[in-house]
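Whatever this is, show me its structure:
(one chain, ligands or ions: 1)
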Amino acid sequence: MRTKVYHYYEECFRAPIYLLCPIENNAILPTIKRICGVSFEKPAENCDANAIAVSNSHQRYYFIAMRRMNRSVLVHECVHVANFILQEREVPISIKEDEVQAYLVEEIYRNLSRLFKQTRKEH
Ligand SMILES: [Zn+2]
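Next up, the predicted model:
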């Protein structure tokens with residue numbers, strides 16, 4: 001399986017967000033290291049999808065790694081990435097105040113989903 005990498009820059013929260021899909025579990029660490037030069041703790045072995053945040057000295061990076069595309073799982077991982085970003089920026093979210101969270105999940109999903117779809121059409 002050949003790893004594919006998609007990414008965009010989330011302007012509103014200044015966050016580079018990557019989708020690695022398809023990707024095998026053993027390709028996740030080397031791919032992330034190639035992109036941002038950082039080694040980190042190994043993600044869970046038998047997960048089909050992971051949301052991972054790593055930093056180098058310049059930047060924080062957000063990754064969603066998926067063995068294969070599954071749009072409902074992609075939404076799930078987008079929620080994790082949105083929560084990483086909001087927590088790190090100390091944006092308060094709660095059951096009553098969840099609009100920013102919902103907006104960010106929507107934004108991340110729309111962008112990653114569009115990138116994935118566009119590239120698929122070229123084949
Ligand atoms: Zn989860």
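
for this structure, which spans come out with low pLDDT?
Within the chain, the stretches falling below the threshold (pLDDT under 70) are 42-46, 120-123.

Show me where it has its helices.
Residue ranges of the helices in the chain, as given by DSSP state H, are 25-36, 71-88, 99-121.

The shortest one packs against which elements?
Translated: helix 25-36. Helices and strands in packing contact with helix 25-36 are listed as strand 15-20, strand 49-55, strand 60-66; criterion 3 or more CB pairs under 8 Å, 6 or more residues apart in numbering; DSSP states H and E. C-beta: built from backbone N, CA, C; applies to glycine.

go again using 6 Å as the cut-off
Contacting helix 25-36 under the criterion 3 or more CB pairs under 6 Å, 6 or more residues apart in numbering; DSSP states H and E are the following elements: strand 60-66.

Show me the strands paired with the strand it packs on, marking each as parallel or antiparallel.
For strand 60-66, the paired strands and their directions (DSSP bridges) read strand 15-20 (parallel), strand 49-55 (antiparallel).
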